[in-house]
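Student: Sequence and predicted structure, then a few things I'm wondering about:
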There are 2 protein chains.
Amino acid sequence: MTHYDDLMAFTRDTQALGQVAGRLGWDQETMMPRGAASQRAEEMAAMESMLHARRIDPRVADWLEAIDDTSLDAVGQAQIRHIRRSFERTSKVPAALATRIAKLTSAAQGIWAEARAANDFAAFAPTLAEVIMLKREEGQALAAGGDVYDAMLDDYEPGTTAADLDAMFGAMRPVLSDLRAAVRAAKGPAPLSGTFDEGAQMKLTRTLAKAFGYDMTRGRVDKAVHPFSSGSGLDVRITTRTNAHDPFNCFYSTIHEVGHAAYEQNISDSYLLTPLGNGVSMGVHESQSRIYENQIGRSRAFTGWLYGQMKDAFGDFGVKDEEAFYATVNRVGDGFIRTEADELQYNLHVLMRFDLERALMSGDLLVSELEAAWNARFEADFGYPVDKPSNGVLQDVHWSVGLFGYFPTYSLGNVYAGCLNEAMRTALPDLDTDLAKGDTSPATEWLGVNVQTHGGLYTPREVIRRAAGQEPSEAPLLAYLTEKFSGIYGL
Amino acid sequence: MTHYDDLMAFTRDTQALGQVAGRLGWDQETMMPRGAASQRAEEMAAMESMLHARRIDPRVADWLEAIDDTSLDAVGQAQIRHIRRSFERTSKVPAALATRIAKLTSAAQGIWAEARAANDFAAFAPTLAEVIMLKREEGQALAAGGDVYDAMLDDYEPGTTAADLDAMFGAMRPVLSDLRAAVRAAKGPAPLSGTFDEGAQMKLTRTLAKAFGYDMTRGRVDKAVHPFSSGSGLDVRITTRTNAHDPFNCFYSTIHEVGHAAYEQNISDSYLLTPLGNGVSMGVHESQSRIYENQIGRSRAFTGWLYGQMKDAFGDFGVKDEEAFYATVNRVGDGFIRTEADELQYNLHVLMRFDLERALMSGDLLVSELEAAWNARFEADFGYPVDKPSNGVLQDVHWSVGLFGYFPTYSLGNVYAGCLNEAMRTALPDLDTDLAKGDTSPATEWLGVNVQTHGGLYTPREVIRRAAGQEPSEAPLLAYLTEKFSGIYGL
């Protein structure tokens, strides 16, 4: 056994144990009896503590020191890059601080949930201030003199800086605002109405999961309050939800999660239970979920097929033909909630969170000023005022659990999806013919070969650059959105 | 923090991680996608290896050395007793041997399953011989000069020796054989016939679980190939199975597993995630599952209520009244399979396995002689020959996975159940009035207070002695069986 072999064997066990912790999270949201919550919290804490100890195990430092990177092939070098990164990241944060953050954010999530239910931002504000204080301390430890927010962003999107995002998002905001204004001035489709049997929704949602290449022998679909994808390798599970009045929520949640899950399922088998065996970043992950959901799932061609499936499942549901159905699926409506936003308005939600959280982290914005700042920005971008905190500053869980630097990866994922879609459409000129038959396989296989199989081999930007054949930029996404919504709204 | 506090904090995390490993086992039998098996094996191995390292962590030795047991209260002393026992047990077995056993038994289980499917004992024999060789080596390490089989038994039933069991089982065998012969010479009830909707079985099985005090807010019931109970404390799950022609299999599997689960659920909350927070031995565990299943669940009074429930669920199913139903439930029929055996014949199955596995372990019986020895003993005890190995020597998984010393705890559990039943009936003279209404609560509460709440506080024999008010003996069980089956069969 070489030092590299020893390090990889140790890391493989750590990866396997990390999968176990992830499976426990899945169980908590799907199967766990409600009375087990307090015991489960102890079980999760014990798993996290054990994993933390492995990540900073002194043997890892010794192995990393002893290994000559240049003697390794590209895969070996990439493995070492990930292991070194994780070791250094974890070692930089004092254990006492990590424990304080874990305890605080665990409690903060409950306080946030209560404040949201009571529509009372003041009840959450002091806790949020403490979270920000500790996360800033963590960010300073990670940044080691560099930019604190960049250090946080690096946890989710290695190699991307706030300045990169600022330039990208700065170019997007006026285009999206103008397009949104034009769409809302035009006459659009009515929203879907009626009720849709929830059992039939689950049946069709499984058909959709399979249609998008989700391998049910290595996964499963369950219902949960919030849709998510969980796990890597041979056991990648998704959840979805049903609402009798909104079957699109079920179907597009499923397709979105299948995008995440397919990424994990399609990583090269040779990377199983190694650092390369996981999606490389949140942005690239979101590019897969969003291209599945939007550029493929909400395309004219695919919605034509879905229209027929829905008629088979639910009978006549009041939408007269495929063209009208396409418009209904892509309807740009009023709303306050990011997770319910349509493809056009979604990024406006994310951009405002990015600006607000950077200001919170730098100290330019105080928690006591946050609600007013949120409401002002929302009205400026959306044209109507926030009606209550649960529809505004209290809507997302992220900040309560310490996720700062996470929000922008949603829009970065959309930008990446735009780049990938442009290249995919060039490579597959007849794709719509297949999509119109409900066959997504040319698209999902293209993404599998060009993006998903690589796992963590390349950096996030590199994997997009190689697949898209160009430097990632917001231009393809903006062109795609402009063309799509101009068509639907007759601009 | 005292040394004791430090040791208990470390142990609490180990217990929590052990619960996680158990939950993974539950997932594997109920929820896991089939394509995940190989990854799951690695995940389980990583958990086991991590747990093993914690069990022999040098700090545990230091803490045990530093703690003055006499300064602790009875609970503290019992905690230390369990921790010391586990540390010494794990430390005695060389790590390389433990790894070899884990690898071999993992493979052996598959080889056994294939041999059973092919009805070919010769295909399993060489592997079984290797398992026995390694387990004997382990037993020698554990026995440290003492009796090898006793050392194995001690893993499952601390404080009980093969000589104890020999005396007990020796007294049981002739009584059971004679009673069996008399019953089979008499005219008995016909077996149940017809088909029983499996959805309705699951519905009634949940009613039964609740009727026996299973707390669904801290557990759940799912279907699995083999019924089992899993977990301790606030998250104790059970599985059952359905067969359209045999609803009793579903119902009594559920009641049996509820007995195991209730034991874990009813241990004093103050022992949660400590060594005292688990059932104290396999024998005491089985006493709870068997008294729930048999002395309560198959009693005349309770089956009277169940008869009404079954008529409500399935309509007229061809059994004319409560008395006839009681006889049908307790019918003593032909059969080869231990897990399907009735209450009277069950122990004869166990007693033969005890004798055979002791002979295998001592070397008095060779694997090459095992099939013939099994078949001869079976015919002697049951009066008809084994028709095929899957109904004989290949029927149980236990030996393939290295479980030697486990079988006798099944009959020891029945003996303990007999003792507890006698004391419980004395304490609760009106119990049948409640059971006839489907109310088991006086019985389950009596067991909760007298047995279950103590968890690992007392030794196995001590907990039975305290609850039963006498030294454990086979006499109450034999008296109970004789009276019950003499009544049903009119002897």
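Tutor: Structure received. Numbers count the residues shown, from 1 in each chain, chains lettered A, B, ... in the order given.
Student: hey, let's count contacts and neighbours off CA atoms from now on
Tutor: Fine.
Student: Flag every residue of the stretch 151-300 of chain A that's near chain B.
Tutor: Neighbours of chain B within the stretch 151-300 of chain A, by C-alpha under 8 Å from any C-alpha of the partner chain: A:216-220, A:233-235.
Student: Let's see which of the residues you listed end up in strands.
Tutor: Of these, none are assigned to strands by DSSP state E.
Student: what helix or strand is whichever residue of the stretch 301-450 of chain A sits closest to chain B on?
Tutor: Here the stretch 301-450 of chain A gets closest to chain B at one residue, A:G448, 19.2 Å apart by C-alpha to the nearest C-alpha. Counting by DSSP states H and E, the secondary-structure element that holds A:G448 is helix A:441-450.
Student: Can I get that helix in PDB? Just the C-alpha atoms.
Tutor: Output in PDB follows, covering the C-alpha atoms of helix A:441-450 (Å, rounded to 0.1, in the frame of the first residue of the first chain):
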ATOM      1  CA  SER A 441     -32.900  10.400 -23.800                       C
ATOM      2  CA  PRO A 442     -30.800  12.300 -26.400                       C
ATOM      3  CA  ALA A 443     -30.700  15.300 -24.000                       C
ATOM      4  CA  THR A 444     -30.100  13.400 -20.800                       C
ATOM      5  CA  GLU A 445     -27.400  11.200 -22.500                       C
ATOM      6  CA  TRP A 446     -25.700  14.300 -23.800                       C
ATOM      7  CA  LEU A 447     -25.700  15.800 -20.300                       C
ATOM      8  CA  GLY A 448     -24.600  12.500 -18.900                       C
ATOM      9  CA  VAL A 449     -21.600  12.300 -21.200                       C
ATOM     10  CA  ASN A 450     -20.600  15.900 -21.200                       C
END
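Student: Mind checking what helix or strand follows the helix or strand where A:N249 lies in sequence?
Tutor: Take DSSP H and E as the rule and A:N249 turns out to sit in helix A:247-265. On the C-terminal side of helix A:247-265, the closest following helix or strand by DSSP H and E is helix A:282-290.
Student: on that earlier part again, buried residues in the helix holding A:G448?
Tutor: Within helix A:441-450, the residues scored as buried using 16 or more other C-alpha atoms under 10 Å in any protein chain shown are A:441-444, A:446-448, A:450.
Student: repeat for stretch A:245-257
Tutor: Counting neighbours by 16+ other C-alpha under 10 Å, one finds that the buried residues in stretch A:245-257 are A:246-257.
Student: Distance from the chain centre to it, please.
Tutor: On the basis of C-alpha atoms, centre = their mean, to the nearest Å, stretch A:245-257 sits 15 Å off its chain's mean C-alpha point.
Student: So which residues make contact with that stretch?
Tutor: A:192-196, A:201-202, A:204-205, A:208-209, A:212, A:227-229, A:238-243, A:289-290, A:292-293, A:297, A:329 (C-alpha atoms under 8 Å, 6 or more residues apart in numbering or on different chains).
Student: So which residues on the stretch 1-150 of chain A come close to chain B?
Tutor: Of all the residues in the stretch 1-150 of chain A, those in contact range of chain B (C-alpha under 8 Å from any C-alpha) are A:13-14, A:16-17, A:19-20, A:24, A:32-36, A:39, A:42-43, A:46-47.
Student: among the contacts of stretch A:245-257, which ones are buried?
Tutor: When neighbours are counted using 16+ other C-alpha under 10 Å, the contacts of stretch A:245-257 contain these buried positions: A:192, A:196, A:201-202, A:204-205, A:208-209, A:212, A:227-229, A:238-242, A:289-290, A:292-293, A:297, A:329.
Student: Which of these fall within strands?
Tutor: With DSSP E as the criterion, strands contain A:229, A:238-240 from among the buried ones among the contacts of stretch A:245-257.
Student: How is chain A partitioned into domains?
Tutor: Dividing chain A into domains by automatic domain parsing, as the record does, gives the ranges A:1-92, A:108-491.
Student: what about the first one, how long is it end to end?
Tutor: Between the opening and closing residues of domain A:1-92 lies a distance of 29 Å (C-alpha to C-alpha, to the nearest Å).
Student: got it, and stretch A:88-103?
Tutor: Looking at stretch A:88-103, the gap from its leading to its trailing residue is 22 Å under the measure C-alpha to C-alpha.
Student: Measure how far it is from the centre of its chain, please.
Tutor: Taking C-alpha atoms, centre = their mean, the mean C-alpha location of stretch A:88-103 is offset from the chain mean by 24 Å.
Student: With stretch A:387-396 instead?
Tutor: Its chain's C-alpha centre lies 20 Å from the corresponding centre of stretch A:387-396 when counted by C-alpha atoms, centre = their mean.
Student: Tell me which residues of that stretch come out buried.
Tutor: Those buried within stretch A:387-396 under the rule 16+ other C-alpha under 10 Å are A:388-396.
Student: I'd like the distance between A:N243 and A:Y346.
Tutor: With the distance defined as C-alpha to C-alpha, A:N243 ends up 21 Å from A:Y346.
Student: my bad, A:T239
Tutor: Taking C-alpha to C-alpha as the measure, A:T239 falls 22 Å from A:Y346.
Student: same question, A:L72
Tutor: Here A:L72 is placed at a distance of 43 Å from A:Y346 (C-alpha to C-alpha).
Student: if you count what's nearby, which of the two comes out ahead?
Tutor: Remark: of A:L72 and A:Y346, A:Y346 carries more neighbours, 18 against 14, as counted by other C-alpha atoms under 10 Å in any protein chain shown.
Student: circling back: ok, and which of the domains of chain A has the densest surroundings?
Tutor: Using mean count of other C-alpha atoms under 10 Å in any protein chain shown, the stretch among the domains of chain A with the greatest mean number of neighbours is domain A:108-491 (a mean of 19).
Student: Show the average pLDDT along that one.
Tutor: Averaged across domain A:108-491, the pLDDT comes to 97.
Student: distance between the ends of that domain?
Tutor: In terms of C-alpha to C-alpha, the two terminal residues of domain A:108-491 are separated by 46 Å.
Student: Could you tell me how far that domain lies from the centre of the chain?
Tutor: 6 Å.
Student: Just the CA trace of the helix holding A:N249, in PDB.
Tutor: As requested, the backbone C-alpha atoms of helix A:247-265 are provided in PDB (Å, rounded to 0.1, in the frame of the first residue of the first chain):
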ATOM      1  CA  PRO A 247     -50.200  19.300 -10.300                       C
ATOM      2  CA  PHE A 248     -47.300  21.300 -12.000                       C
ATOM      3  CA  ASN A 249     -45.800  21.700  -8.500                       C
ATOM      4  CA  CYS A 250     -45.600  17.900  -8.200                       C
ATOM      5  CA  PHE A 251     -44.400  17.200 -11.800                       C
ATOM      6  CA  TYR A 252     -41.800  19.900 -12.000                       C
ATOM      7  CA  SER A 253     -40.500  19.300  -8.500                       C
ATOM      8  CA  THR A 254     -40.000  15.700  -9.500                       C
ATOM      9  CA  ILE A 255     -38.200  16.600 -12.800                       C
ATOM     10  CA  HIS A 256     -36.000  19.100 -10.900                       C
ATOM     11  CA  GLU A 257     -35.000  16.600  -8.300                       C
ATOM     12  CA  VAL A 258     -34.400  14.000 -11.000                       C
ATOM     13  CA  GLY A 259     -32.000  16.400 -12.500                       C
ATOM     14  CA  HIS A 260     -30.000  16.500  -9.300                       C
ATOM     15  CA  ALA A 261     -30.400  12.700  -8.800                       C
ATOM     16  CA  ALA A 262     -29.400  11.900 -12.400                       C
ATOM     17  CA  TYR A 263     -26.200  13.900 -11.900                       C
ATOM     18  CA  GLU A 264     -25.200  11.700  -8.900                       C
ATOM     19  CA  GLN A 265     -26.400   8.500 -10.600                       C
END
